[in-house]
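**Student:** can't give you the sequence, but here's the structure:
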C-alpha cells in the first residue's frame, strides 16, 4: 500500500508561526532570542519572520525587547499555550476561505459545494486538535 498523499496545506504564515513558536519554546525560560537566530534555525526569511513575531507580540503571545541582547520570548510557559493560540496570534487577520475544492470559485458557505460539509468537518477537527495540543508538545518534537 502506497503512502497517503499530503493534502493538508496550512497557510505559510501559520506554518511559520508554529515553527517560530516551537523554536522559542525550546529556549531557556525567560531568555530572549534574536530574529536572526530564529530565522537561521528554522530556515525562514528573516524579514517575513520579523513581521510574524511582531504580530505575535502585539497580540500578547510574545514579549519583545530591543537591542543586542533583545529579541523575542514566550510571554508564558509553553505548557499553557495551545497551538490554536499560536495560529490566532500569528495570523494576518484574513479569513479567506480560499478556493472551493469542487468548483472553480471561492468557497461560499451560502452556496456550498458537495464537498463543503466534509471540508468543514475536517477544519473543525483540526481546530479541535489545535485547541487540545500544547506548544510544549510541538517543542518536544523539535528538540529531538
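**Tutor:** Structure received. Every value quoted in this text rests on a predicted model; they were computed, and no experiment measured them.
**Student:** strands along this protein, start to end?
**Tutor:** Remark: strands assigned in the chain by DSSP state E are 62-65, 71-74.
**Student:** JSON lines for these, including mean pLDDT?
**Tutor:** JSON lines is the format used below for the strands of the chain (pLDDT from 0 to 100):
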{"stretch": "strand 62-65", "mean pLDDT": "96"}
{"stretch": "strand 71-74", "mean pLDDT": "96"}
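**Student:** which of those strands sits most buried?
**Tutor:** strand 71-74 (a mean of 23; mean count of other CB atoms under 10 Å). (C-beta placed from N, C-alpha, C; glycine too.)
**Student:** quick one: contacts for residue 132?
**Tutor:** residue 82 (CB atoms under 8 Å, 6 or more residues apart in numbering).
**Student:** neighbours of the closest residue to residue 69 other than its chain neighbours, how many?
**Tutor:** Closest residue to residue 69 apart from its sequence neighbours, by CB to CB, 6 or more residues apart in numbering: residue 32 at 6.7 Å. Residue 32 has 17 neighbouring residues, counting by other CB atoms under 10 Å.
**Student:** phi and psi next, for residue 32.
**Tutor:** Taking degrees, to the nearest 10, you get phi -80, psi 150 for the backbone angles of residue 32.
**Student:** report the buried residues of the longest helix anywhere in the chain.
**Tutor:** Longest helix in the chain by number of residues, with DSSP state H as the criterion: helix 116-132. Across helix 116-132, burial judged by 16 or more other CB atoms under 10 Å covers 116, 119, 130.
**Student:** want to try CSV for those, with distance to residue 11 and pLDDT as columns?
**Tutor:** Formatted as CSV, these follow (distance: CB to CB, whole Å; pLDDT from 0 to 100):
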residue, distance to residue 11, pLDDT
116, 19, 81
119, 15, 81
130, 13, 94
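**Student:** closest to residue 17 out of the residues you listed?
**Tutor:** Among the buried residues of helix 116-132, residue 130 lies closest to residue 17 (CB to CB), at 11.4 Å.
**Student:** touching, the closest one and residue 81? I think so.
**Tutor:** No - when contacts are counted by CB atoms under 8 Å, residue 130 is not listed as touching residue 81 (11.2 Å).
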